[in-house]
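Novice: Quick one, what's the 3D model for this:
(chains A and B)
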Amino acid sequence: MVHGLYIHIPFCERRCHYCDFNTYEGMTDLAPDYAAAVSADIAARAGEGLRAAPGGLRSVYFGGGTPSLLEAGLLLDLLDSARETFGLAPDAEVTLEANPSTADAGKFRALRRGGFNRISMGFQAAQDRHLEALGRVHRVADSERAWDLARQAGFEDMSLDLMFGLPKQSLPEWEASLDWALERGPEHLSFYGLTVERGTRFHALAARGELPLPGEGEQAGMYEEGIRRVEGAGLAQYEISNFALPGREAVHNRLYWENLPTLGVGAGAWSFVDGVRSGRLRGPAAYIAAVTSGRDPVAESERLEGREARAEEATLALRMNRGLDLGRWAAARGDFLVEFGAALAPAFRAGCLEREGGFLRLTPRGRLLSNEVFLALL
Amino acid sequence: MEQSLIRNFCIVAHIDHGKSTLADRLLEATGAVSKREMREQLLDGMDLERERGITIKAKAVRLRHRAPDGREYLLNLIDTPGHVDFNYEVSRSLAACEGALLVVDASQGVEAQTMANAFLAIDNGLTVVPVVNKMDLPGADLERAKAEIEDMIGIPADGAIPASAKDGMGIPEILQAVLERIPPPGGDAGRPLKALVFDSQYDAYRGVVLFVRVVDGVLKPGMRVRFFNSGLEHPVLELGALCPQSVTLPELGPGEVGTVVAGIRSATEVHVGDTLTDAARPVGEPLPGYKEIHSMVFAGLFPQEADRYEDLREALAKFQLSDSALKFEPETSQALGFGFRCGFLGLLHMEIVQERLEREYDLNLIATAPSVVYRVRRTDGTMLEVENPAKLPPPSAIDGIEEPYVKAAILLPAEYVGAIMGLARERRGIQVENRYTSPTRVQLTYHLPLAEVVMDFFDRLKSLTKGYASLDYEPLDYRPGDVVRVDLLLNAEPADALSFMCHRDAAERRGRALCARLKELIPRQMFEIPIQAAVGGKILARETISAMRKNVLAKCYGGDITRKRKLLEKQKEGKKRMKSMGSVEIPQEAFLAVLKLDA
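Specialist: Sure, this is the predicted structure:
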């Protein structure tokens, strides 16, 4: 039984210098076969007896990669197979991740009519030089145009992403990016501190000492300023990197942090079903081959149990500003603080955690040091 | 064996002056080992023993020598440990001999150890035969070496034998001198048994093998022997000697040197220097010179992998079977976990034990900085020996502290005298003698606190003199010292394992250095960490590790959940290697660096 469906579209015009997602350049020719394979994957899981939770799927999310690279027809086919196979809740959130460079009025209108009701755009920065340094395909003007086109196509629930802690980024530049983004009037906003991941171009640059990132203190300052400005615009923080107008928190995101079952289809997509986290084959061709020949496309899986599973669930819950509901936890899993209180004592003492109104949550300082808190749990 | 045909002797020398090579040549010349069998340095070669499967190190070799006069003599060449740490053991081996070959390097002349060992031999009443070795080297100077022997050791050097153990020069002359100048042993076969235990060795099959020198009476298998000092009794199972292959013998008479197997399970039961006597007809007085040995230097030994603690315990226990000078007891360190507090005769002994434990028992060890034993006089009049700062009573309960001193002899080229006097002064040394042994060489004698010597004195001495100085020291006495315990506080909580004892004058300097080093080595944590060094509540030094600002995974969706949890688990593994002290986590590397911190 699953509450959400994630569909991974692994194609990109160009891979960004910081990106370690499962994405591939120059493979868009595979798109029709790939979409067919994803539909087959969905059907096969239903054939095995997998069902949506009562009331239907609460979220269908097209992530990538660059889902907006696909023809509207293919995207709508996929949405249809999800709808026909599992059924969608009447108010289901159907999200498309879009790159501003791929914006197309006709495509947006078609998708909106076909049932997509949310778009998430990767803006990243309001300075072309930063977009260039990140290896992004789009420029600032593309972002503004894409945003307006989506609005005109009837998308009323729109999110955008920004990044901070970029090479040579100054605090005023970051503030300018925030202000510019907020001027678009998003319902939802995410901002992420740049993480240098292994296997990326940035990682190689950093290894050679050629990636001049802001210092830890500066980055912390950017994060704090980001919260101030975004909340000042009326979007409340609900997770370490996520903000929304009231009632516009992403259903998709919350399924993860509430540790609810979701099915992930497509190359390298992750599922959490019946207590098992599993990841599919990462190569698009391998994935297509496996699914079309009726083989299980899962490449790796893991079932956490006992304390480990509880610790993981707690780290997810604590990512959210609302925190961990101690009462609900106790009803299902025993007293949280009896099990983890001692391990968390240093985090409490350091002012990283607080307990209020039956919830355990990270303090603003604790959010910046959340890994330290989570380390104590594991 | 007729006593007039026996000669018992040893070779004393400074390290690297050619003792082992000379021993090899003597074995060859007497036919004990053929040239073909000969491998370098038979008496010293532990690795060699393993290769050959010989289980017993040749502590004493019995050589048959047909002299030019046609008679066959029995020569017992007794090995002596060459280092100051084993001073007492050396003196007991010397006591088993009537003579000593004093080997001096022809180009380097008399060194500190040469003197120390020569004086030990003279004190034990031995006839000393000087040998000037390495005459084959270009820098050889026989006359200078002889002059130094006369000036520095004070024995006539007319008869010094020029030799080169390397190419065999002087070997017949040395053998002849052993027969002619070294007196045969005395002793009376008819008197009650009196034998000196001068060494022992552990054998996996036979237990402890004693090396003895019979003074009076006759040792025979089946006899019940008693150790005079320990009072323990054992039956003699087997007598023998090493030629250097092991042979069994029907008896050992007066003046003879050999091995005794008596069913003894552990070397800890055997005390070097003890007197062996017949349990049925015991002597009234033991041989003179017996001493209980005391550990001079202490250090903690911990396994690098916590799960090797039991292996370390077993290794130490086995090691002790053959080395009774090693003492150990369990110790728990906040920082290093479970390990052992070990007592050693000195720094070299400590190094040897550590190296052999690692090599022979496949252990990776962490050794803490060596420390000494302080005597604490409490206000109630009782004395307490303290070698671990954590065990020091509170200042209000202390009337005074005494620290061990050594008498150190330093021989060095005259040009370095100023530098070394400075070093000795810095280390609280009291000069007792300053003597030119030749126009270019000086002997400095100091009384030095042992604590200052064990730190890095030898290294400093060597570096200040470009390696030309030599050092020898012996325990002297305990003297009152203004010794304090420096406490380390992390986040205002005392970190016992980081506290140390030192002289009050050095406390602030060392405390500052330690705080600064810790600041470098302890990673930042969720909170600010003050590091303080204090003596009796008075803060001497302070550093602060500022709090970490940011450690956050920005994204955590779908596949990130597993991947990033694994990332955190990896970090967690790293943290597990850290030790918590109160609320502060210290990486082991940091801890070790601190323990090894130089003054």
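
Novice: before we move on, what SS does the nearest residue to residue B:464 once chain neighbours are set aside have?
Specialist: If you skip the residues right next to it in sequence, residue B:464 has residue B:419 as its closest partner in space, 4.6 Å away by CB to CB, 6 or more residues apart in numbering or on different chains. All C-beta atoms are positioned from the backbone trio N, CA, C, and that covers glycine. At residue B:419, secondary structure determined by DSSP: H, G, I helix; E, B strand; the rest coil is helix.

Novice: what does residue B:28 give?
Specialist: Put simply, residue B:28 is helix when judged by three-state DSSP.

Novice: Is it correct that residue B:178 is in contact with residue B:75?
Specialist: Yes: the criterion here is CB atoms under 8 Å, and residue B:178 meets it with residue B:75 at 6.4 Å.

Novice: Format the CA atom coordinates belonging to stretch A:62-82 as CSV.
Specialist: In CSV, the C-alpha atoms belonging to stretch A:62-82 read as follows (Å, rounded to 0.1, in the frame of the first residue of the first chain):
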residue,chain,number,x,y,z
PHE,A,62,7.8,13.7,-11.8
GLY,A,63,11.4,14.4,-10.8
GLY,A,64,14.7,14.1,-12.5
GLY,A,65,16.8,14.8,-14.3
THR,A,66,14.6,17.1,-16.3
PRO,A,67,11.1,15.8,-16.7
SER,A,68,10.1,18.9,-18.6
LEU,A,69,12.4,17.6,-21.4
LEU,A,70,9.8,15.0,-22.3
GLU,A,71,6.9,15.6,-24.7
ALA,A,72,3.7,16.5,-22.9
GLY,A,73,2.1,13.4,-24.5
LEU,A,74,4.6,11.0,-22.8
LEU,A,75,4.2,12.8,-19.5
LEU,A,76,0.5,12.6,-19.7
ASP,A,77,0.6,8.9,-20.7
LEU,A,78,2.6,8.2,-17.6
LEU,A,79,0.2,10.2,-15.4
ASP,A,80,-2.7,8.3,-17.0
SER,A,81,-1.2,4.9,-16.2
ALA,A,82,-0.7,6.0,-12.6
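
Novice: Now do the buried residues in that stretch.
Specialist: A:62-70, A:72, A:74-79, A:81-82 (16 or more other CB atoms under 10 Å in any protein chain shown).

Novice: Tell me which of these fall in strands.
Specialist: Mapping those onto strands (DSSP state E) picks out A:62-64.

Novice: Show me which residues of the stretch 1-150 of chain B sit near chain A.
Specialist: Within the stretch 1-150 of chain B, no position is near chain A by CB under 8 Å from any CB of the partner chain.

Novice: Tell me where the stretch 1-150 of chain B is predicted with low confidence.
Specialist: B:34-58, B:82-85 (pLDDT under 70).

Novice: who does residue 301 bridge with?
Specialist: No chain specified, so I'll use chain A. For residue A:301, the beta-bridge partners are residue A:278 (DSSP bridges).

Novice: sorry, should have said chain B
Specialist: residue B:340, residue B:367.

Novice: you'd agree residue A:264 is up against residue A:38?
Specialist: No: taking contacts as CB under 8 Å, residue A:264 lies outside contact range of residue A:38: 10.6 Å.

Novice: In contact with residue B:443, which residues are there?
Specialist: B:152, B:409-411, B:433-435, B:437 (CB atoms under 8 Å, 6 or more residues apart in numbering or on different chains).

Novice: go again using 10 Å as the cut-off
Specialist: Shown in contact with residue B:443 (CB atoms under 10 Å, 6 or more residues apart in numbering or on different chains): B:110, B:112, B:115, B:152, B:409-412, B:433-437, B:470.

Novice: What residues sit buried inside stretch A:99-114?
Specialist: Quick answer for stretch A:99-114 (16+ other CB under 10 Å): A:99-103, A:107-112, A:114.

Novice: Could you dump these into TSV with secondary structure added?
Specialist: Converted to TSV, the buried residues of stretch A:99-114 look like this (three-state DSSP):
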residue	secondary structure
A:99	coil
A:100	helix
A:101	helix
A:102	helix
A:103	coil
A:107	helix
A:108	helix
A:109	helix
A:110	helix
A:111	helix
A:112	helix
A:114	helix
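
Novice: what's the most distant pair in these?
Specialist: A:101 and A:114 (22.0 Å; CB to CB).

Novice: how about the residues of chain B near chain A?
Specialist: Proximity of chain B to chain A (CB under 10 Å from any CB of the partner chain) is limited to residues B:491, B:524-528, B:546-569, B:571-572, B:574-575, B:580, B:582-585.

Novice: the helices in the stretch 201-350 of chain A, which residues?
Specialist: With helices called from DSSP state H, counting those that start in this stretch, the stretch 201-350 of chain A shows them at A:201-207, A:216-232, A:251-257, A:284-292, A:306-319, A:326-333, A:336-349.

Novice: so where do the helices sit in the stretch 101-250 of chain B?
Specialist: Using DSSP H, counting those that start in this stretch, helices in the stretch 101-250 of chain B cover B:112-123, B:142-148, B:171-181.

Novice: is it possible to export these to a markdown table including mean neighbour count and distance to residue B:322?
Specialist: Output for these, formatted as a markdown table (neighbours: other CB atoms under 10 Å in any protein chain shown; distance: least, CB to CB, whole Å):
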| stretch | mean neighbour count | distance to residue B:322 |
| --- | --- | --- |
| helix B:112-123 | 22 | 23 |
| helix B:142-148 | 18 | 37 |
| helix B:171-181 | 17 | 30 |
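
Novice: Switch those helices over to TSV; also include distance to residue B:231.
Specialist: Output for these, formatted as TSV (distance: least, CB to CB, whole Å):
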stretch	distance to residue B:231
helix B:112-123	28
helix B:142-148	46
helix B:171-181	37
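
Novice: For residue B:305, find the nearest of these.
Specialist: If we rank the helices of the stretch 101-250 of chain B by CB to CB, the stretch that ends up nearest is helix B:112-123, at 38.0 Å.

Novice: other SSEs contacting the closest one?
Specialist: Applying 3 or more CB pairs under 10 Å, 6 or more residues apart in numbering or on different chains; DSSP states H and E, we find helix B:112-123 packed against strand B:6-13, helix B:87-95, strand B:99-105, strand B:127-133, strand B:398-413, strand B:470-480.

Novice: for that helix, the distance to its chain's centre please.
Specialist: Taking CA atoms, centre = their mean, to the nearest Å, one finds the center of helix B:112-123 at 17 Å from the center of the full chain.

Novice: Which strand or helix spans the most centrally placed residue in chain B?
Specialist: In chain B, the C-alpha nearest the mean C-alpha coordinate belongs to residue B:349, at 2.8 Å (CA atoms, centre = their mean). Assigned by DSSP states H and E, residue B:349 belongs to helix B:347-361.

Novice: So residue A:346 sits against residue A:376, correct?
Specialist: Yes: in this structure residue A:346 lies within contact range of residue A:376 using CB atoms under 10 Å: 6.6 Å.

Novice: what sits in contact with each of those two?
Specialist: A:352-353, B:526.

Novice: Need those in JSON lines (columns: secondary structure and distance to residue A:160).
Specialist: Shown next, in JSON lines, are the shared contacts of residue A:346 and residue A:376 (DSSP: H, G, I helix; E, B strand; the rest coil; distance: CB to CB, whole Å):
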{"residue": "A:352", "secondary structure": "coil", "distance to residue A:160": "29"}
{"residue": "A:353", "secondary structure": "strand", "distance to residue A:160": "30"}
{"residue": "B:526", "secondary structure": "coil", "distance to residue A:160": "32"}
